[in-house]
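Colleague: output the structure for:
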Amino acid sequence: MSKKLKVLALFDAVRPTTLDQDLTPELKTADWKTEAAVLQALDALGYPHEHLALFDDLDLLRQKLQTFSPDVIFNLADQFRNNRAFDQHIVSLLAMKDIPFTGCGSTGLTLCKHKAISKKILSYHRIHTPHFVTIPRGKRCVRPKHLKFPILVKPLKEEASYGIAQASFVETDEQFRERVTYLHENTDNDVIAEEYIEGRELYVSLIGNHRLQVFPIRELVFREVPPDEPKIATYKAKWDEAYRERWGLENRFAEGLEPALVRQIEAVCKRIYHLLTIDGYARIDLRLNARNEIYFIEANPNPALAPDEDFAESALKAGIAYPQLIDRIARLGLKTARE
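Modeller: Numbers count the residues shown, from 1 in each chain. Predicted coordinates:
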């Protein structure tokens, strides 16, 4: 029988916290559904566990570790001082202290967050990526001639489709300049502009370090969007339930994929996972065009882990119930060799 793990669940907070803060109110909200679900899973597994939420004081972690020595930290902290760019620094700190933690290490988080670097690495290895250009803040936003319309204009390092709207889909140089300027001024981010790949939006979930398991493929379908309208995973398309209902947007298991194509998608995603040095678990977003060509859009290490999100839904379809999924992620974290 497997040893019961001592687990410290590490969360991020949007305001300063204290060492033994009662998080009951937060854990009852939709924003904290993943944290609540993970704690419930640890209860179901019978694992001794405590939790800590960090905002801007890393000394709280030192104090917690003095009184509770976990076998592994279940890392759900993906920002510090409300800045998502710091997620890799949190895991760097844990790695330097030789504390086992779940999910991806700092190198994988850094490579995946920078959408241009990840695409450069993968295109070098002959994995299809959209043609793209980056436009740093302060630089004139001129479209290179080789970049063909239509184009999607997105923040370079944001996650969860933040900064992506219908206005991100541009078909003229004027629209291109307007959207780049808007994102520079409103997201405090450099911009990536990439050619729009028409096709199916696929989400592929993987778990493991060296030996990987690929879960059943999910798809974002656009039932009510007219055929001539762009089908893009905007922020509203992912997170606004009223918007999703109005346009018939639904995340479901992909249908009608030939077995040989599924095997090809799985093989490509495993290569992507290893090339981007991802650990633990991830979701890889793809576009599949009418010729069944697979295009990499982005990789999401440590993806949303609530039971109703794509990763857990895919794991369940593969026969892994939620508490067992949390157990598997925790045990992977315990075994991961960190650089």
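Colleague: can you show me the helices along the protein?
Modeller: For the chain, applying DSSP state H gives helices covering 24-27, 33-45, 59-67, 87-96, 106-113, 115-124, 173-187, 235-239, 241-246, 259-275, 310-317, 322-335.
Colleague: with Glu224 as the reference, name the closest of the ones you listed.
Modeller: Judged by CB to CB, the one of the helices of the chain that comes nearest to Glu224 is helix 241-246, at 7.2 Å. Every C-beta, even on glycine, is put in place using the N, C-alpha and C of the backbone.
Colleague: residues in contact with the closest one?
Modeller: Glu224, Lys236, Ala237, Leu249, Glu250 (CB atoms under 8 Å, 6 or more residues apart in numbering).
Colleague: and Gln166, how many residues sit next to it?
Modeller: Neighbour count for Gln166, taken as other CB atoms under 10 Å: 11.
Colleague: can you pull the contacts of it?
Modeller: Gln166 neighbours (CB under 8 Å, 6+ apart): Pro230, Ile232, Thr234.
Colleague: what do you get if the cut-off is 7 Å, keeping everything else the same?
Modeller: Neighbour list for Gln166: Thr234 [criterion: CB atoms under 7 Å, 6 or more residues apart in numbering].
Colleague: same deal with Leu58?
Modeller: Leu93.
Colleague: list the contacts of Arg137.
Modeller: Contacts of Arg137 by CB under 7 Å, 6+ apart are His184, Asp190.
Colleague: how close does it get to Leu147?
Modeller: Arg137 sits 19 Å away from Leu147, going by CB to CB, to the nearest Å.
Colleague: hang on, the earlier thing: go through the helices of the chain and name the closest to Phe215.
Modeller: From those, taking CB to CB, the stretch that ends up closest is helix 310-317, at 3.5 Å.
Colleague: count of neighbours near the residue lying closest to Thr129 once chain neighbours are set aside?
Modeller: In this structure, Thr129 finds its nearest non-sequential neighbour in Lys119, 4.3 Å apart by CB to CB, 6 or more residues apart in numbering. For Lys119, the count of nearby residues is 21 (other CB under 10 Å).
Colleague: thought Lys119 was touching Phe132?
Modeller: Yes. Using CB atoms under 7 Å, Lys119 is in contact with Phe132, at 6.2 Å.
Colleague: re the thing from before, lowest-confidence stretch among the helices of the chain?
Modeller: Of all the helices of the chain, mean pLDDT reaches its minimum on helix 235-239 (a mean of 75).
Colleague: contacts only, for the residue lying closest to Ala237 once chain neighbours are set aside.
Modeller: With sequence-adjacent residues excluded and distances taken as CB to CB, 6+ apart, Ala237 is closest to Leu249, at 5.4 Å. The contact partners of Leu249, by CB under 7 Å, 6+ apart, come to Leu220, Phe222, Ala237.
Colleague: can you tell me how far the first one is from Ile278?
Modeller: When CB to CB is the yardstick, Leu220 and Ile278 sit 21 Å from each other.
Colleague: which of these two has more neighbours?
Modeller: Ile278 (27 against 21).
Colleague: quick one, what contacts the residue lying closest to Val180 once chain neighbours are set aside?
Modeller: Leaving out its chain neighbours, the residue that sits closest to Val180 by CB to CB, 6+ apart is Cys141, at 3.8 Å. Cys141 is in contact with Ile135, Phe176, Arg177, Val180, Thr181, counting by CB under 7 Å, 6+ apart.
Colleague: now Leu202
Modeller: Ile217, Glu219, Ala254, Leu286, Leu288.
Colleague: tell me the bridge partners for the closest residue to it other than its chain neighbours.
Modeller: Spatial nearest neighbour of Leu202, excluding adjacent residues (CB to CB, 6+ apart): Leu286 at 4.5 Å. Per DSSP bridges, the residues bridged to Leu286 are Leu202, Phe296.
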